[in-house]
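Trainee: Quick one, structure for this:
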Amino acid sequence: MNSQVHKRSARSSTTAVPAGSASMNQNNNNTKTNNGLDASKRRRKLRRKAKENKTQKRMVLLQAIMCAAFLVALVLFVIKALKSNERGIKLPPNMLKKRQMAKQMRPDLDNPPMADGKGNGPFKNLRNRFWSISQYRHSDYMRDLGDRSPAYANLRKQYDALLPSGDEESLERMKLAVQSLRKRKYENLMAHDMPYDVHNCPDDPPPNYPYAWNIKDVLDNWGTDDMIPKEAIYQGICVFDYETEKEKALKYGELELPFVVRDDPKVLRTVERWSQQGYMQKLLGKHTRYRTEYSPNNHFMYWNKPKRKAVENHIIEKDWKPPTEMSRMSFSNWLEHANVTDDKLGSDNEHWYFRLIGCGEMGKSCDKDSSEYLFDELSFFQPTEDNPLYMVDPKKQKGIHCRFGMKGVTAVNHFDGSRNSIALLGGERRYFLSHPDQCENLNLFPRGHPSARHSAVDWSNPDWKKFPSFADAEVNEVVLQAGDVLYLPTDWFHHIISLELNFQCNTRSGTTDHYLGAIKQCGF
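Mentor: This next block holds a predicted model:
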């Protein structure tokens, strides 16, 4: 019995737990329970905070969407209001003023970026580059210049198939097509008094080339506001056939003398394509708006924004106003203005001068990508080393500029400080040309004037008393027709009249100091 009691007490002694130890275990259990509750609370708090953050982000996104929708609605409202104003609905004065300011532009600046209604963002450019890998490339394609869009590639593919080139049969077809656009032939009024024939000039320029005549005699024969063509004109510059007289033209060009080249196959190809019905509308687009000069009469004169010193030095009056205004206009809209009857084309009626520019390598200051297809369309003006006839210094090219004139448009007499190659791709233009040594007789606006380099004389109605030396000025003239290219050396004066609706494009290629001494006599 004692042994059993002893065993029982022994078991009891081995399983007994001290009172302090039991209390610690209990505390540990409570701590674990509390820690579990705290962790659960923290998880719930984090989930709640994450939910709140998510809700807040949704609210911010919703607000952004609402703001964007409001801005879109506002823009649409303004556009609608501006269009409504064209139909005679009155707009608030402040909105009208802003609209007029938006329309006005500076002719001394390059073209602004134009919207074609389809967007020109980076994604579209990337898409065009991707498609250009496999798209059609015409025979005059340049790797670094021109239009790379699929739309232009498809347009050229269509018309290149319609108007093939590269063989004698195609060349003959182009010649006949362009000759049909030349409505008349101009005789040389002074042919019997000249030692050379302007249509069969000698290899070396004759002395005193080109011949020129007194301004009064030339204007008496054919006034500047008279759009009725004359049979004979005072022509002094040579006309060279591209195929048979190209070397002659190059020699005259090396001597920095003006001349005309006719029937260059590349020029003929462009003229034929541009004369196709509907081609120009497809090329220029329905929505794209281009620089268009407006004049209340038929005279157009380049101008810069006047400086304060011009008024202080009495070069211009305080109330001087620009001779023209600049706006934006689509090609079809310009055609509506240009294709009107002669009774609406008088010298005192409104005229519009439509313009394009292909920037090429001119840089960011130009209207990049607006009309880069001009380098594809006018391949003869591409800046390559093997093109000395039109591109004397290709590295100095300043883009390709086109000016489409309605009948009667007159570009006032002036000189440019660079070589100029001028191609007529449709219609007729009359050019008066003067040697740089005539600058004093032509009575130019002085340096500092907004229209410096331009003649101050109104050639359509000269004030002989105010400008007596103008009566001693000497000029010669030539009428450019479709397929002609005029080479005009640096500093040569030219006064231009559109005898009918016409397409003219030009490019410049560097300068020369051949005539710098004569121009300096006039303060330039």
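Trainee: Low-confidence ranges, the stretch 251-400 of the chain, go.
Mentor: With pLDDT under 70 as the threshold, the stretch 251-400 of the chain has low-confidence stretches at 363-365, 367-369.
Trainee: What segments of it are strands?
Mentor: 259-262, 290-295, 299-300, 325-329, 351-358, 397-405 (DSSP state E, counting those that start in this stretch).
Trainee: nearest to Pro306, of the ones you listed?
Mentor: With distances scored as CB to CB, the stretch of the strands of the stretch 251-400 of the chain nearest to Pro306 is strand 325-329 (15.3 Å). Every residue, glycine included, has its C-beta placed from N, CA and C.
Trainee: Might one say that Leu501 is in contact with Met406?
Mentor: Yes: in this structure Leu501 lies within contact range of Met406 using CB atoms under 8 Å: 5.7 Å.
Trainee: Between those two, point out the one with more neighbours.
Mentor: Under the criterion of other CB atoms under 10 Å, the comparison of Leu501 against Met406 puts Met406 first, with 23 against 17.
Trainee: Number of residues surrounding the residue nearest to the more buried one when sequence neighbours are not counted?
Mentor: Sequence neighbours aside, Ala338 is the residue nearest to Met406 in space, at 3.6 Å (criterion: CB to CB, 6 or more residues apart in numbering). By the criterion of other CB under 10 Å, Ala338 has 22 neighbours.
Trainee: ok so Pro450 is a strand residue?
Mentor: No: note on Pro450: no strand contains this position according to DSSP: H, G, I helix; E, B strand; the rest coil, which reports coil.
Trainee: That one: neighbouring residues, count only.
Mentor: Residues lying near Pro450 (other CB under 10 Å) number 21.
Trainee: Enumerate every residue touching it.
Mentor: Residues touching Pro450, when contacts are defined by CB atoms under 8 Å, 6 or more residues apart in numbering, comprise 303-306, 310, 316, 320, 322.
Trainee: With distance to Glu385 added, can I get the strands of the stretch 251-400 of the chain in a markdown table?
Mentor: Formatted as a markdown table, the strands of the stretch 251-400 of the chain follow (distance: least, CB to CB, whole Å):
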| stretch | distance to Glu385 |
| --- | --- |
| strand 259-262 | 19 |
| strand 290-295 | 31 |
| strand 299-300 | 35 |
| strand 325-329 | 36 |
| strand 351-358 | 19 |
| strand 397-405 | 12 |
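Trainee: The ones you listed: which one's closest to Arg137?
Mentor: Nearest to Arg137, of all those, is strand 351-358, at 18.0 Å by CB to CB.
Trainee: do you know how far Phe331 is from Gly278?
Mentor: Shown here: Phe331 relative to Gly278, a distance of 12 Å by CB to CB, to the nearest Å.
Trainee: Compare neighbour counts for those two and give me the winner.
Mentor: With neighbours defined as other CB under 10 Å, Phe331 and Gly278 compare such that Phe331 has more, 19 against 7.
Trainee: Surely that one touches His287?
Mentor: No: contact criterion CB under 8 Å: Phe331 and His287 do not qualify, at 10.2 Å.
Trainee: sorry, back to before: are any of the contacts of Pro450 buried, and if so which?
Mentor: 303-304, 306, 310, 316, 322 (16 or more other CB atoms under 10 Å).
Trainee: Let me see the ranges of the helices in this structure.
Mentor: Taking DSSP state H, the helices of the chain run over residues 2-15, 19-86, 93-103, 122-132, 150-162, 168-179, 215-221, 242-254, 265-274, 279-284, 308-312, 331-338, 374-377, 516-520.
Trainee: now for the shortest one, which elements pack on it?
Mentor: What it means is helix 374-377. helix 265-274, strand 351-358, strand 397-405 (3 or more CB pairs under 8 Å, 6 or more residues apart in numbering; DSSP states H and E).
Trainee: Same list, the ones you listed, but as a markdown table with distance to Val178 and mean neighbour count please.
Mentor: Supplementary listing: those in a markdown table, determined by distance: least, CB to CB, whole Å; neighbours: other CB atoms under 10 Å:
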| stretch | distance to Val178 | mean neighbour count |
| --- | --- | --- |
| helix 265-274 | 5 | 22 |
| strand 351-358 | 21 | 24 |
| strand 397-405 | 18 | 23 |
